[in-house]
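Novice: structure for this input, please:
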Amino acid sequence: MKILLVEDDEFIGESIKDYLEMQGNKVDYFVSSKEAFEKIYPTHYDIFLLDVNMPDINGFDFYKEMKNYANVPVIFITAYSDIEHIKKAFDLGAADYIKKPFELEELELRIKRLVFKKTNEIKITQNYKFDLEKLRLFYKDEEVDLTQNEKYFLELLIKNIGSVVDFEKFRDYVWDGKDICDNTIRTQVKKLRKKLKENFITNIRGIGYKIEKSK
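Specialist: Sure thing, here's the model as predicted:
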């Protein structure tokens, strides 16, 4: 999954980023809300992790602004323990709230509870299914060997199943916003299709790709 983390304490922020990336996630980490405002595409994230007490724009105000662009669950991270701050977080629509200090494994469990609370496995076709938590593709219960980029590519398509994913979203999600050309993305799809016994990735000419909903 792709996670936005905004935390001004660099020791805590880097620790969270390193731990979550070791679990196979993609984490964009910023030490200030202002920097995050300038550089992110809110709709590209699965969850926000926001520190409340920030020097420029606090986590509450940052989330208020983000809600104008994307409906993404948020976990607020804070040293505050009073009921007023907790109440404000949930009044804003927080999915969860965690107090410092905390175990990194606890944060991971809270994230998984929110993102994977319905189901981890998505049926693509009669024979193919994808585990969204572990980013594993199966054909008739046999795992398909995928590169990390192929896993992220499929993850993005499956999270948007039935809708077109454009080239810009692939650049941001799979290649971390690098300025790669559309042909690089097309080449990625060709390589991935060679590993598939069924071609369930539809090309939308000049725009991007999609996976149709399973019938």
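
Novice: C-alpha only now, for contacts and for neighbours.
Specialist: Fine.

Novice: quick one: the strands in the protein?
Specialist: For the chain, the strands defined by DSSP state E cover 2-6, 26-30, 47-51, 74-78, 96-99, 121-123, 128-131, 136-139, 142-144, 165-166, 201-204, 208-211.

Novice: closest to Gly177 out of these?
Specialist: Minimum separation from Gly177 across the strands of the chain (C-alpha to C-alpha) falls at strand 26-30, 10.8 Å.

Novice: partner strands of the closest one, with direction?
Specialist: Within its sheet, strand 26-30 is paired with strand 2-6 (parallel), according to DSSP bridges.

Novice: okay if I get the strands of the chain as CSV plus mean neighbour count, distance to Lys67 and mean pLDDT?
Specialist: Below are these laid out as CSV (neighbours: other C-alpha atoms under 10 Å; distance: least, C-alpha to C-alpha, whole Å; pLDDT from 0 to 100):
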stretch, mean neighbour count, distance to Lys67, mean pLDDT
strand 2-6, 23, 14, 93
strand 26-30, 20, 18, 92
strand 47-51, 24, 11, 94
strand 74-78, 23, 10, 93
strand 96-99, 17, 16, 92
strand 121-123, 16, 27, 86
strand 128-131, 19, 28, 93
strand 136-139, 18, 31, 95
strand 142-144, 13, 37, 95
strand 165-166, 18, 21, 92
strand 201-204, 14, 29, 94
strand 208-211, 20, 26, 94
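
Novice: save those strands as CSV, and put in distance to Lys87 too.
Specialist: Below are those laid out as CSV (distance: least, C-alpha to C-alpha, whole Å):
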stretch, distance to Lys87
strand 2-6, 21
strand 26-30, 25
strand 47-51, 16
strand 74-78, 12
strand 96-99, 10
strand 121-123, 34
strand 128-131, 35
strand 136-139, 38
strand 142-144, 45
strand 165-166, 37
strand 201-204, 44
strand 208-211, 40
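
Novice: how far away is the nearest residue to Lys26 once chain neighbours are set aside from Gly162?
Specialist: Nearest non-adjacent residue to Lys26, counting by C-alpha to C-alpha, 6 or more residues apart in numbering: Lys2, 4.7 Å away. Here the criterion is C-alpha to C-alpha, to the nearest Å. By it, Lys2 lies 20 Å from Gly162.

Novice: domain map for this structure?
Specialist: The record's domain split for the chain, according to automatic domain parsing, is 2-115, 121-211.

Novice: gap between the two ends of the last one?
Specialist: This points to domain 121-211. Terminal residues of domain 121-211 lie 15 Å apart, using C-alpha to C-alpha.

Novice: how about the longest one?
Specialist: Looking at domain 2-115, the gap from its leading to its trailing residue is 11 Å under the measure C-alpha to C-alpha.

Novice: pLDDT below threshold where in this protein?
Specialist: Within the chain, the segments meeting pLDDT under 70 span 117-119, 215.

Novice: helices of the protein, start to end?
Specialist: In the chain, the helices defined using DSSP state H lie at 10-22, 33-39, 59-66, 83-91, 104-115, 148-159, 167-174, 182-194.

Novice: redo those as CSV? Include distance to Phe48 and mean neighbour count.
Specialist: Below are those laid out as CSV (distance: least, C-alpha to C-alpha, whole Å; neighbours: other C-alpha atoms under 10 Å):
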stretch, distance to Phe48, mean neighbour count
helix 10-22, 12, 15
helix 33-39, 11, 15
helix 59-66, 9, 18
helix 83-91, 13, 13
helix 104-115, 10, 15
helix 148-159, 17, 19
helix 167-174, 15, 19
helix 182-194, 27, 14
